[in-house]
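predicted model follows, preceded by the sequence.
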Amino acid sequence: MTPEAVGPLSRPVEVMNLPPQGTQIHVEATTEECAALAKDFGLPGIQALSGDFKLVNSAKGVHVIGVVKASITQICVVSLDPFDSQVEEEVEVDFAESSGMPPEPPTEMHEYEPPDEIVNGEVDLGALTAEFLALGLDPYPRKPGVDFAYKDPAAEEDSPFAALKTLKNKE
């Protein structure tokens, strides 16, 4: 696993010898990593990005829970103005060795989510942080207080007085 393979934010964590109570890991993106991720995601800027995770052993691998938080700048889809916003995304992911993954998913596909793979005894919490930031982004961001007010010219003709207007024009 190389940083180029996972993106600009990489924090590999060794998970083969976790303590029984689990471990807490904090991931904080540098200014350079934020700039690279902003470019990757098409954002004007990412001012801060962090992830707080708890890793615990599970029956087949490692269970990761936590939260990803970011301060970002987005472009409003209505006004095209940049604006700052906050992203907070809950994380809950299972990781397993490729040998511990079932060869076929159970018959109930909607209930099965395969675990992510543990590579070389490590999980990349940086890549996980970037992934959940991407999941938390609004695909159609709107600046607070901005509404799209479309006026249909044909709608004015649907008023109760539209019929009277046509009668007046006939005379």
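Thanks, I have the structure now.

stretch 134-142: how far from the chain's middle?
Offset of stretch 134-142 from its chain centre (Cα atoms, centre = their mean, to the nearest Å): 7 Å.

also stretch 44-56?
Distance, centroid of stretch 44-56 to centroid of chain: 11 Å (Cα atoms, centre = their mean).

what about it, average pLDDT?
Averaging pLDDT along stretch 44-56 gives 96.

repeat that for stretch 77-87.
In this model, stretch 77-87 carries a mean pLDDT of 92.

residues in contact with it?
Residues outside stretch 77-87 that contact it (Cβ atoms under 8 Å, 6 or more residues apart in numbering): 44, 47, 68-76, 133, 136-138, 140-144, 146-148. C-betas here are computed from N, CA, C, even on glycine.

buried sites along that stretch?
83, 87 (16 or more other Cβ atoms under 10 Å).

first-to-last residue distance for that stretch?
Taking Cα to Cα, to the nearest Å, the first and last residues of stretch 77-87 lie 17 Å apart.

same check on stretch 36-53?
First residue to last in stretch 36-53 (Cα to Cα) measures 22 Å.

can you check stretch 72-85 too?
6 Å.

chain center to that stretch: distance?
17 Å.

likewise stretch 84-101?
Chain-centre distance of stretch 84-101: 11 Å, with Cα atoms, centre = their mean.

list the buried residues in that stretch.
Those would be 87, 89, 91, 93, 95-96, for stretch 84-101 by 16+ other Cβ under 10 Å.

swap in stretch 53-62?
Buried, per 16+ other Cβ under 10 Å, within stretch 53-62: 53, 55, 57, 60-62.

name the element Ile65 belongs to?
strand 61-75 (DSSP states H and E).

okay, angle between the next helix or strand after that strand and strand 61-75 too, please.
For strand 61-75, the succeeding helix or strand toward the C-terminus, using DSSP H and E, is strand 82-96. Angle of strand 82-96 versus strand 61-75, following axes from the mean of the first three to the mean of the last three Cα atoms, to 10 degrees, is 170 degrees.
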